[in-house]
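**Student:** how would this look folded up:
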Amino acid sequence: MPDRIDDLIPNAKQIRTEAALKEAEKAEEYARLAAAAESEKHALIERLSRPSGKSEEEKVKLASTVIQRAVRNGMTEVQVYRFPNSLCTDKGRAINQQEQGWENTLTGIPKEIFQLWSDYLKPRGYRISYQIIEYPGGIPGDIAITIAWGE
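**Tutor:** Now for the predicted structure:
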């Protein structure tokens, strides 16, 4: 009977070893997935920090489409973009503090959107706002760009 019990119930040391191996496998998988996600995030931020490559005409048509769709839905403003604060040279500090010249901290696509507004939408009465929309850990996080035309 004792041999049969050992077959049925392994000793605690053996179980601890198996559990530790399983935990190590889970940790390795988590680390692999986290590294892949971080790599994708860096690639996306790198892509967003460069100009879009779209022509002025393409940008104006896209802006027109977005605005017209919002108007058809009864809206007087529309969030047109959301981006990580790392696309600002100061991580969004000037936007958060509403400092004069905050637009000079923009890079990549957020800068393109500001320029498009300045060149084509502002003269037609549209307003733009860049606003921190989340504060992870109490520090500025993502920033939203909103175009408005209502009173």
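**Student:** Point out where the chain drops to low pLDDT.
**Tutor:** 1-3, 35-51 (pLDDT under 70).
**Student:** ok, now with 90
**Tutor:** Scanning the chain with the threshold set as pLDDT under 90 gives 1-71, 73, 108, 138-140, 150-151.
**Student:** Tell me how it divides into domains.
**Tutor:** Annotated domains of the chain cover 2-48, 56-148 [automatic domain parsing].
**Student:** ok now the last one, how far from the chain's centre?
**Tutor:** So the one you mean is domain 56-148. Distance of domain 56-148 from the chain centroid (CA atoms, centre = their mean, to the nearest Å) equals 14 Å.
**Student:** And it, end to end?
**Tutor:** From its first residue to its last, domain 56-148 covers 21 Å (CA to CA, to the nearest Å).
**Student:** same question, stretch 79-98
**Tutor:** End to end - CA to CA - stretch 79-98 spans 18 Å.
**Student:** go on, stretch 87-101?
**Tutor:** 16 Å.
**Student:** follow-up on the earlier one: single out the most deeply packed of the domains of the chain.
**Tutor:** domain 56-148 (a mean of 15; mean count of other CB atoms under 10 Å). Glycine gets a C-beta too; all of them are placed from N, C-alpha and C.
**Student:** tell me the SS of Gln100?
**Tutor:** Gln100 falls in the coil class when you classify it by DSSP: H, G, I helix; E, B strand; the rest coil.
**Student:** State the distance from it to Ala94.
**Tutor:** Distance of Gln100 to Ala94, computed by CB to CB, to the nearest Å: 9 Å.
**Student:** go on, Thr107?
**Tutor:** According to CB to CB, Thr107 stands 13 Å off from Ala94.
**Student:** now do Ala70
**Tutor:** Distance of Ala70 to Ala94, given as CB to CB: 27 Å.
**Student:** next one: Ile145
**Tutor:** Counting by CB to CB, the separation of Ile145 from Ala94 is 15 Å.
**Student:** Over to Arg16?
**Tutor:** Counting by CB to CB - Arg16 and Ala94 are separated by 54 Å.
**Student:** With Thr146 instead?
**Tutor:** Distance, Thr146 to Ala94, by CB to CB: 17 Å.
**Student:** for Ala148, same thing?
**Tutor:** Relative to Ala94, Ala148 is positioned 21 Å away (CB to CB).
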